[in-house]
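**Student:** can't give you the sequence, but here's the structure:
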Ligand SMILES: NCc1[nH]cc(CCC(=O)O)c1CC(=O)O
């Protein structure tokens, strides 16, 4: 059998696990063999830059640039991503057209010196390169020493074993997809430690108007996940661009009802503003946009300046 669809992905173990999950769902939905869905590994700038925070090197788009170029050029037919790594503005001609059923969106603590963040000794080092996680850690425990932690999930776990930090925070979804859930010492509640918009959801990017590909993806698209993501990404889109302010947001869909909780927080964790909004799942993007306007009004425009 010949290839029907080429699946583009980064080469990290997590990215490959996500591409393989997409491949397996396509095979099951369409009753086709593995050869029908070829996985094409593409190296990105984000994979190569290891020595500085990505927010300094050029931001989220670094993990997607080369993959999107391949998609636009026709070298691949779909690109599989962690939704939370996707910028809100995609290149002309591309869209996120399907989402797989969302994994658990919570952050997980992986502790060496203690099982929970609360139980860490005073001044302990916690590794994270995410501005959101750094701010949330500082809000919980201003005494802790937050240190930079880059690299893929395996690299970060190795740094912990080497004693570089007493603990780190990773997405539970990523650890589960890698079969590494056993390293988790605590699952952090969504309300005290809200996730990044899109966390835990695999998103599939396509060329706008590629009807054949869209038809194949309908069979694996998860509607509630798509609605939650529309809300969270609308929230992010109405807030980012302006700032390096950490942003968290999570939408839960239960029986057609959407509940969204969003948070913006200063990088030092001392100031934060939150918003909660309910609505119909059909109106997901509007709820996210409205939540952004609400939290923006609460915080004031000055909140978004000058955290550099
Ligand atoms: N920025 C890296 C990244 N992008 C997506 C995930 C986890 C999987 C997911 O959120 O779907 C991770 C690692 C982490 O945050 O621990």
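**Tutor:** Okay, I see it. Predicted model, so just to flag it, every value in this text is computed and none were measured.

**Student:** nearest spatial neighbour of residue 36, skipping sequence neighbours?
**Tutor:** Leaving aside its chain neighbours, residue 36 sits nearest to residue 4 (4.5 Å; criterion: Cβ to Cβ, 6 or more residues apart in numbering). Heads up, the C-betas are built off the backbone N, CA and C, glycines and all.

**Student:** Check the burial of the closest residue to residue 208 other than its chain neighbours by counting its neighbours.
**Tutor:** Ranked by Cβ to Cβ, 6+ apart and with sequence neighbours excluded, the top spatial neighbour of residue 208 is residue 95, at 5.1 Å. Residues contacting residue 95 under the criterion other Cβ atoms under 10 Å number 15.

**Student:** Please identify which helix or strand holds residue 203.
**Tutor:** strand 202-207 (DSSP states H and E).

**Student:** same check, this time on residue 17
**Tutor:** Under the criterion of DSSP H and E, residue 17 resides in helix 13-30.

**Student:** what residues does that helix touch?
**Tutor:** Helix 13-30 is contacted from outside by 5, 7, 9, 32-34, 36-37, 39, 41, 78, 80-82, 100, 152-154, 174, 177-178, 202, 204, 216, 219-220, using Cβ atoms under 8 Å, 6 or more residues apart in numbering.

**Student:** Just confirm residue 221 is within a strand.
**Tutor:** No - counting by DSSP: H, G, I helix; E, B strand; the rest coil, residue 221 falls outside a strand, being coil.

**Student:** For it, which residues are in contact?
**Tutor:** Residue 221 makes contact with 97-100, according to Cβ under 8 Å, 6+ apart.

**Student:** Same question for residue 225.
**Tutor:** For residue 225, counting by Cβ under 8 Å, 6+ apart, the contacting residues are 99-102, 201.

**Student:** ok, so what distance separates it from the ligand?
**Tutor:** The spacing between residue 225 and the ligand, counted by Cβ to the nearest ligand atom, to the nearest Å, is 11 Å.

**Student:** now residue 253
**Tutor:** Residue 253 sits 17 Å away from the ligand, going by Cβ to the nearest ligand atom.

**Student:** same check, this time on residue 34
**Tutor:** 23 Å.

**Student:** Per-residue confidence at the nearest residue to that residue once chain neighbours are set aside, what does it come out as?
**Tutor:** Using Cβ to Cβ, 6+ apart and skipping residues adjacent in sequence, the residue nearest residue 34 is residue 27, 6.3 Å away. Note on residue 27: pLDDT of 98.
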